[in-house]
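# when you get a sec, could you give me coordinates for this:
(3 chains)
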Amino acid sequence: MRQSLIRYLPLLLLAIAWEVVARLELVSTQALPPLSEVISAGISMVKDGELVSNGASSLYRAGAGLALAILVGSTLGIAMAWWKPVNVLLAPIVEIFYPLPKSALIPVTVIWLGFGDGSKILLIFLGCMLPVTIGAFNGARSSEQVLVWSARSMGASRLRMLWDVVVPSAMPELLNGVRTALALSFILLVSSELIVAQKGFGYLIGFLGANGNYDGMYAVVLVVAFLGFAADRIYLQITKRTLAWRD
Amino acid sequence: MAASAQIVVDRVNHLYRPPRGREVLALDQVSLEVGNREFVALLGPSGCGKSTLLYLIGGFLPVETGAILIDGQNVAGPGPDRGIVFQHFALFPWKTVRGNILYGLERQGMVKEEREKRAMDFIELVGLAGFEDSYPSQLSGGMKQRTAIARTLAFDPKILLMDEPFGALDAQTRGLMQSELLRIWQRTPKTVIFVTHDVQEAVYLAERVAVMSARPGRIKTIVDTKFDKNDPDIFKNKFFVEKVDEIWNLVKEEAIKAQGKRS
Amino acid sequence: MARLTAATPAGAPPNGTPERAARILYVLLWGFARIFSVLALAVAWELLARSGTFTPFQLPALSAVLDRIWSDAVSGDLWINTALTLYRALVAFAICAVGGVIIGMAMSRNIIAHWFFDPIVSVGFPMPKIAFLPVVILWLGVYDVSKITIIVIDAIFPVIAATVIAIQGVERELIWSARNMGATNRELLYQVILPAASPQIMTGLQVALPLSLIVAVVAEMLMGGYGLGGAMMTASRFANSTSVFAGILEIAVVGYILVKAMSLIRRRLLIWHQEAHAPSTA
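Below you'll find the model as predicted:
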């Protein structure tokens, strides 16, 4: 506990510095409202529901897109590793889309599905599927030959082998791919909502900024940034248990 | 020998402090004297601290208890008077063979023509002529170790510290390297402290073998192994075999103890 | 002067003509496979667009998109937009490269620097830092400065992380050898530690470069104006789907070229780094 405190102390100091600099008006209070006012703006937004309703919207979009990406991506990745023809067919597509910046797809998803939830979910689905697929693929491919052969010699059918040996072996890399996808989902969510949305965190940030409500804007920015960080940490905690057998 | 000994290790202790877990006493009141141009082997089971002792003499680890004197002066850090050769070569992978050997000479401030010539001399000495522009990643283990040896010999340290230098090589290469090292040493004698766990290697190369105990390391016995090593069938030589036997029995006890402590 | 036994050269891969021919053939086949799949996708796109399953708005034909790219190239718009986006991305990348390595170095060698930056890097890494863009705009206005700033905020993290890990991972024995040969602390840092760390630092840079491009595009989309991202948003606002698709292709190509260039540079600079060479026998 004490170690954590020392470790994160610089952040606390930065927060204090923020408050002091703002209060002393060393910088225009327009550009840098005091942290305390930001926090109270945030709290009042929670109270009047603005933050929560927009937040729910955002999280729904990210959640749906991510869930779909994980489902489809892992299935595809393992299928590619297990059946040669699937690999031959899909590998080039994966290779081509890998270097494409997924954010470039924002305007396209808008063209297809408009400004609402659909375009965001599609964007996150498409963007996050790639790291998951690659993780699943690499993970499945690395499942040790000896394990597969042992299962075979014990009479396991191909499908059984897949389920009992390949999938568990693929877990570490797959989970790593999902971690990347998790971070990416936040990025794509925020980017698309900042640019083309009518509700959600990103929209709220833009709206507050345009109306000069900088306290509120800062508050939402901090909330979003923190959520991204927290999601990653929570994910690590959860997966640590699942991967307990590894060490 | 005492007064004129080149290297004096006087009742040195060393505490190993791992990042997690408790401290371990690696060396316990170790004392040793090595004379000028003597070839001494440090022999012992894994974990007995022989490498640690070497690193202390080399100045890579600080001496906390006891003293280590080189020519009467306390060791104060690493320096070109004590050249070291590591088991895993420690070559600079971004430099060629020539570049690696030149590095020490450049640090000495040698003039360009002089150091280029000297580097080539040592490259030829270790039989790597033609490979001077190769990178370590292109070399075999034996060639890498020869580069490492050439690199250290090139800046002419008066003391040579060798940390199981042939441990990472296959058996045949090892045999070749041992006889080459002996030949080089016989021609340009330096003080050598050679760490190994291989009894035959120690008896073959060294004039004296210091047998160390299992952890915490102490010098258990020092055995004289100075005799004519130029017999081509030396490994079957009766005297040689007896020496190896004698020392092996000393080491065996310690090796068994070391196994027991493995936890 | 006595010599050591002449070395058997480390098992170089057989380099006779049939083996070389086989290697070249292999590389060519792979190249063809790649081109083939790109072509296959292109053909599929075109056929799908013409089949009438989607409206031309939803899926403009590849031929129409390529045509648009061509006219943009002729009119000069393509070059202006690409140059602007690249300018922002590359300037930011340069700052990330230099700044990131410096901070990483400081963190590895200075306890206070480490204490200060570590939580910032550790907490900041998984954050969607793009969320700070409105704040950056608030501070720095709507010009290139704010675009470059947000890119740096995003892309500097992988460089710092890679540098720290790389420096900490330098083999102790390399450092000891250098000190053994008389290297001073300064010499040790620049002549040994940095070169030893360079492969991993380079990997961090290879992550940061495409990231710089992405953030540049997103920033442009939000802030409008010229640049590949800005042009796409304008097209989108005018419901010009052909131009939107054109923009995707352009960004994809630019991204691909940058990544390829980076990996060529890596291969040149790190020519000494394992792989690619004759396998050792020991």
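# hey, let's count contacts and neighbours off CA atoms from now on
Noted.
# the closest residue to residue B:15 other than its chain neighbours in helix, strand or coil?
Spatial nearest neighbour of residue B:15, chain neighbours left out: residue B:25 (4.6 Å); criterion: C-alpha to C-alpha, 6 or more residues apart in numbering or on different chains. With DSSP: H, G, I helix; E, B strand; the rest coil as the basis, residue B:25 sits in strand.
# what's the burial count for residue 23?
I went with chain A, as the question did not name one. A count of neighbours around residue A:23, defined by other C-alpha atoms under 10 Å in any protein chain shown, yields 17.
# that's the other chain; I wanted chain B
11.
# look at it and report its pLDDT.
Listed pLDDT for residue B:23 reads 89.
# just checking, next helix/strand downstream of the helix or strand bottoming out on mean pLDDT in chain C?
In chain C, no helix or strand scores lower on mean pLDDT, DSSP states H and E than helix C:17-50, which sits at a mean of 80. Downstream of helix C:17-50, the first helix or strand assigned by DSSP states H and E is helix C:62-75.
# residue B:6 against residue B:36, yeah?
Yes: at 5.3 Å, residue B:6 counts as touching residue B:36 under the criterion of C-alpha atoms under 8 Å.
# those two - which one has more neighbours?
Neighbour count, other C-alpha under 10 Å: between residue B:6 and residue B:36, residue B:6 has more, with 21 against 18.
# who's in contact with residue A:188?
A:102-103, A:123-124, A:127 (C-alpha atoms under 8 Å, 6 or more residues apart in numbering or on different chains).
# and the least confident helix or strand of chain C, which residues are buried?
C:34, C:37-38, C:45-46, C:48-50 (16 or more other C-alpha atoms under 10 Å in any protein chain shown).
# and if you look at stretch B:228-236?
In stretch B:228-236, the ones that count as buried by 16+ other C-alpha under 10 Å are B:229, B:235.
# quick one: mean pLDDT over that stretch.
82.
# who does the host helix or strand of residue C:202 touch, helix- and strand-wise?
Per DSSP H and E, residue C:202 falls inside helix C:194-223. On a contact count with 3 or more C-alpha pairs under 8 Å, 6 or more residues apart in numbering or on different chains; DSSP states H and E, helix C:194-223 meets helix A:167-195, helix C:77-109, helix C:144-168, helix C:228-237, helix C:241-269.
# any weak-confidence spans in chain B?
Scanning chain B for pLDDT under 70 picks out B:1-4, B:261-263.
# where exactly do the helices run in it?
B:50-58, B:97-107, B:112-125, B:141-154, B:171-187, B:199-205, B:238-260 (DSSP state H).
# nearest to residue A:175, of the ones you listed?
helix B:141-154 (38.1 Å; C-alpha to C-alpha).
# can you tell me the number of residues neighbouring the residue nearest to residue B:15?
With other C-alpha under 10 Å as criterion, residue B:25 counts 15.
# ok, the one residue sitting closest to the centre of chain C - contacts?
Among the residues of chain C, the one closest to the centroid is residue C:209, at 3.2 Å (C-alpha atoms, centre = their mean). By C-alpha under 8 Å, 6+ apart, the contact set of residue C:209 is C:89-90, C:93, C:155, C:258-259.
# local confidence estimate at it?
On the pLDDT scale, residue C:209 gets 94.
# then residue A:143?
71.
# ok, longest helix in chain A?
Under DSSP H, chain A gives helix A:50-82 as its longest helix.
# and that helix with chain C, contact?
No: residues of helix A:50-82 contacting chain C under C-alpha under 8 Å from any C-alpha of the partner chain: none, with a closest distance of 12.7 Å.
# and that helix, what does it pack against?
Against helix A:50-82 (3+ C-alpha pairs under 8 Å, 6+ apart) you get helix A:35-47, helix A:84-97, helix A:117-141, helix A:167-195, helix A:201-210.
# go again using 7 Å as the cut-off
If you count contacts as 3 or more C-alpha pairs under 7 Å, 6 or more residues apart in numbering or on different chains; DSSP states H and E, helix A:50-82 packs onto helix A:84-97, helix A:117-141, helix A:167-195, helix A:201-210.
# which one of the buried residues of helix C:17-50 is nearest chain A?
Set against chain A, the nearest of the buried residues of helix C:17-50 by C-alpha to the nearest C-alpha is residue C:37 (5.9 Å).
# wait, the closest one touches residue A:94, no?
No: in this structure, residue C:37 is not within contact of residue A:94 by C-alpha atoms under 7 Å, at 10.7 Å.
# residue A:203: what's it in contact with?
Applying C-alpha atoms under 7 Å, 6 or more residues apart in numbering or on different chains, we find residue A:203 in contact with A:193-194, A:197.
# got it, and residue C:68?
So residue C:68 contacts C:243, C:246 (C-alpha under 7 Å, 6+ apart).
# same question, residue C:248
Neighbours of residue C:248 in contact, by C-alpha under 7 Å, 6+ apart: A:104-105.
# which helix or strand contains residue A:151?
Going by DSSP H and E, residue A:151 is in helix A:145-153.
# just checking: the least confident one among the contacts of residue A:203 is which?
residue A:197 (85).
# tell me the SS of that residue?
Per three-state DSSP, residue A:197 ends up coil.
# what about residue 198, how many neighbours?
Just so you know, I chose chain A. Around residue A:198 there are 16 residues (other C-alpha under 10 Å).
# hm, I was asking about chain C
19.
# look up how far chain A lies from it.
Distance from residue C:198 to chain A, counting by C-alpha to the nearest C-alpha, to the nearest Å: 24 Å.
# what sits against that residue?
Taking C-alpha under 7 Å, 6+ apart as the definition, residue C:198 has no contacts.
# now do residue C:227
Per C-alpha under 7 Å, 6+ apart, neighbours of residue C:227: C:81-82, C:84-85, C:220.
# restrict the buried residues of helix C:17-50 to those near chain B?
On the criterion C-alpha under 7 Å from any C-alpha of the partner chain, none of the entries of the buried residues of helix C:17-50 sits beside chain B.
# quick one: which two of these are the most distant?
C:34 and C:50 (24.6 Å).
# would you mind naming what in chain C lies close to chain A?
So chain C meets chain A at C:34, C:37, C:58, C:115-116, C:119, C:123, C:126-132, C:138-139, C:214, C:218, C:221-222, C:233, C:236, C:244, C:248, C:252, C:255-256 (C-alpha under 7 Å from any C-alpha).
# enumerate the residues of chain A near chain B.
So chain A never meets chain B (C-alpha under 7 Å from any C-alpha).
# measure residue B:105 to residue C:185 for me?
In this structure, residue B:105 and residue C:185 are 17 Å apart, going by C-alpha to C-alpha, to the nearest Å.
# next one: residue B:22
Taken as C-alpha to C-alpha, the span from residue B:22 to residue C:185 is 31 Å.
# same check on residue C:117?
In terms of C-alpha to C-alpha, residue C:117 sits 23 Å off from residue C:185.
# quick one: which of these two has more around it?
Neighbours per residue, other C-alpha under 10 Å: of residue C:117 and residue C:185, the larger number sits with residue C:117, 19 against 11.
# excluding chain neighbours, what is closest to the more buried one?
residue C:107 (7.1 Å).
# residues in contact with that neighbour?
By C-alpha under 7 Å, 6+ apart, the contact set of residue C:107 is C:113-114, C:164.
# buried members of these into PyMOL, please.
Selection of buried members from the contacts of residue C:107 for PyMOL, criterion 16+ other C-alpha under 10 Å:
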select buried, chain C and resi 114+164
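# wait, what's in contact with residue B:55?
Per C-alpha under 7 Å, 6+ apart, neighbours of residue B:55: residue B:61.
# go on, residue B:68?
So residue B:68 contacts B:8-10, B:57, B:74-75 (C-alpha under 7 Å, 6+ apart).
# if we can go back for a sec, who are the packing partners of the least confident helix or strand of chain C?
Against helix C:17-50 (3+ C-alpha pairs under 7 Å, 6+ apart) you get no helix or strand.
# how about the most centrally placed residue in chain A, what does it touch?
Centroid-nearest residue in chain A: residue A:182, 2.4 Å away (criterion: C-alpha atoms, centre = their mean). By C-alpha under 7 Å, 6+ apart, the contact list for residue A:182 is empty.
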